[in-house]
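>>> sharing a model prediction with you, sequence too.
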Amino acid sequence: MFRHFLKATAWTMAKDGRAEDYPYEIDEQLKDFESSVSSVTTMLQKLMAMPRNDLTQKMDPLDQAKLDLMSVYTLNSLFWMYLVTQGVNPREHGVRQELERIRTYMNKVKEITDKKKAAHLDKGAAARFVRNALYDAEEAEFRRKGSKKAADTTADRSEFKRPKRS
C-alpha cells in the first residue's frame, strides 16, 4: 500500500519535474521507509504463501505462540500506521489497548523462553560436590581401611606373590 503510494508519487514528481514538492531533507528517510516496507512485504508474502498448517505442524507450541504473537502484533502495528496516515490519533483508538495486551503476552512467552534457557540444577551432582567438599575424618579412615582390605585380598589371590619385607 505505502510502496505503491511512494512509487506513484515518485513517478508523478519525475514526470512533472516537481522534485521540490517535498523537502529534500526527507528524501533519505523516504528511501529508508520504502526499503522497510519492501522487506516487510517480502516477509509477509513468504508467510502467506505457505499454508498455516504446514508451517505450524513442524513447530513446538512455544514457537507457534511466538509466530501467532508476531503476526498479530505486525497486523496491529500496520493498522496503527494506517490510522496515522488517515489523520486518526491511534493513542485514542482501541488498537493501543490491543497492542498493550499483545505485549503482555509477548513478555510472558519471553519469560518462559528465558526459564528454558536458564541453567538447570543437577541435584545429584550438587550432592556429590557438597559431600566431597566436606571432609569427614571418620569416613576417610573407613575408606582407607576398606581399600587396604580390598588390596590385601586381591594380593593373596594372585599367582605370583612377592616376598614380604620386614
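Arrived safely.
>>> okay, which residue is most central for the protein?
T113 (6.8 Å; Cα atoms, centre = their mean).
>>> how many neighbours does F79 have?
For F79, the count of nearby residues is 15 (other Cβ atoms under 10 Å). In short, each C-beta sits where N, CA and C put it, glycine included.
>>> element containing it, please.
If you go by DSSP states H and E, F79 is part of helix 61-85.
>>> next SSE downstream of that helix?
helix 95-117.
>>> residues of that following helix that come out buried?
V95, E98, L99, I102, M106 (16 or more other Cβ atoms under 10 Å).
>>> tell me which other helices or strands that helix touches.
Secondary-structure packing of helix 95-117 (3 or more Cβ pairs under 8 Å, 6 or more residues apart in numbering; DSSP states H and E): helix 61-85.
>>> identify the residues contacting the helix it packs on?
Residues from elsewhere that reach helix 61-85 (Cβ atoms under 8 Å, 6 or more residues apart in numbering): 1-2, 40, 44, 47, 55-56, 59, 89-90, 93, 95-96, 98-99, 102-103, 105-106, 109, 112-113, 116.
>>> okay, buried residues for it please.
Quick answer for helix 61-85 (16+ other Cβ under 10 Å): A65, K66, L69, V72, Y73, N76, W80, L83.
>>> list the contacts of the residue nearest to the centre of the chain.
So T113 contacts L62 (Cβ under 8 Å, 6+ apart).
>>> and the pLDDT for it?
At T113, the pLDDT value in this model is 90.
>>> point out where the chain drops to low pLDDT.
For the chain, the stretches flagged by pLDDT under 70 are 1-20, 135-137, 147-166.
>>> of the buried residues of helix 95-117, which is the nearest to P51?
I102 (23.9 Å; Cβ to Cβ).
>>> how far away is R91 from Y105?
R91 is 21 Å from Y105, where distance means Cβ to Cβ, to the nearest Å.
>>> now do M50 against D60, distance only.
For M50, the distance to D60 - Cβ to Cβ - is 18 Å.
>>> same question for M70.
15 Å.
>>> V109 too?
Taken as Cβ to Cβ, the span from V109 to D60 is 12 Å.
>>> V130: how many residues sit nearby?
V130, neighbours per other Cβ under 10 Å, totals 9.
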